[in-house]
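*Asks:* what's the 3D shape of this:
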Amino acid sequence: MREIVFLSDSRIAEVPVKECAEPLVDLRTLEAVRVDPRLADEASAYAHVRQSVADRLVVAQTRLPRELRFLIIEGFRPAALQRRYFASAVTRQRAAHPDWDDARARIEASRYVSPPEVAPHSTGGAVDLTLRTSGGVELDMGTAVNATPPESDENCYTDAPDISPEARSNRRIMGDALISAGFVNYPTEWWHWSFGERYWAFITQARYARYGIVEDLTADIERT
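*Replies:* Down below sits the predicted model:
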């Protein structure tokens, strides 16, 4: 398994941001991809991503086998919601391991929930997705989307060795298409791919990230 750099790594927060002010666009307006409503919210934030992310998803879709489609689970996540998710994850880690300090609890929580200050979803630069057939049948990817490392025996890790050959092949097909369109994967989550935000910039050695944190769909884009 490749070396994993967690989102809690201080090097991620150190990546500078030059906000490009791209708008958040609604993926439900695109013919090329499908959006699943399982995480739908009242403001439909989940269906939005930055314009270049949407464009690259369309490119990646063209590089899948003709009978397959991306199924988008979640794109943009408001910053306030991300803060709640992460605080809850840290609290659970501290309760399960009372001997841990806050730093250790944050590192462990970040294996499956991003620290708010660097959260890819809160920039509009990340998307959680899986594969389905053109007829609507989801493919076997080895675990459910959003399975945590403890509940999946770490089979949610993209390069997990203990998954079926079929699931491994499906992850490779999806990954090859997304990588070819410029996305990077967060390696503890086979379903999480991003472009333009700090983690992407760190992995690709870009000089800066293009997207900073956006508070919500109606907020002005935070410029860095």
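
*Asks:* helix or strand: which one has residue 94?
*Replies:* helix 79-96 (DSSP states H and E).

*Asks:* hey, C-alpha coordinates of that helix in CSV?
*Replies:* Extracted in CSV, the C-alpha atoms of helix 79-96 (Å, rounded to 0.1, in the frame of the first residue of the first chain):
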residue,chain,number,x,y,z
ALA,A,79,-18.0,24.6,6.0
ALA,A,80,-20.3,24.7,9.1
LEU,A,81,-21.4,21.1,8.4
GLN,A,82,-17.8,20.0,7.9
ARG,A,83,-16.9,21.6,11.3
ARG,A,84,-19.7,19.6,13.0
TYR,A,85,-18.6,16.3,11.3
PHE,A,86,-15.0,16.8,12.4
ALA,A,87,-15.7,17.8,15.9
SER,A,88,-18.0,14.7,16.3
ALA,A,89,-15.3,12.5,14.9
VAL,A,90,-12.6,13.8,17.3
THR,A,91,-15.0,13.4,20.2
ARG,A,92,-15.6,9.8,19.3
GLN,A,93,-11.9,9.2,19.1
ARG,A,94,-11.3,10.7,22.5
ALA,A,95,-14.1,8.7,24.1
ALA,A,96,-12.8,5.5,22.6
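
*Asks:* who's in contact with that helix?
*Replies:* With contact meaning CB atoms under 8 Å, 6 or more residues apart in numbering, helix 79-96 is reached by 100, 102, 104-106, 108-110, 112-116, 119, 121-122, 213-216. The way it works is simple: take the backbone N, C-alpha and C, and place the C-beta from them, glycine included.

*Asks:* mind checking which of these are in helices?
*Replies:* Applying DSSP state H to the contacts of helix 79-96, the entries found in helices are 102, 104, 105, 106, 108, 109.

*Asks:* top of those residues by neighbour count?
*Replies:* Tallying neighbours with other CB atoms under 10 Å puts residue 109 at the head of the ones in helices among the contacts of helix 79-96, with 24 neighbours.

*Asks:* those helices in the chain, which residues are they?
*Replies:* Going by DSSP H, the chain shows helices at 10-13, 51-62, 79-96, 102-109, 149-152, 165-180, 198-204.

*Asks:* right, so those helices: which one is the most enclosed?
*Replies:* helix 198-204 (a mean of 22; mean count of other CB atoms under 10 Å).

*Asks:* what residues does it touch?
*Replies:* 5, 7, 11-13, 15, 17, 118, 120, 123, 125, 183-184, 186, 194, 206-210.

*Asks:* ditto for stretch 19-29
*Replies:* Contacts for stretch 19-29 (CB under 8 Å, 6+ apart): 33, 35, 44, 47-52, 54, 57, 72, 75-76, 124, 196, 210-212, 214, 217, 221-224.
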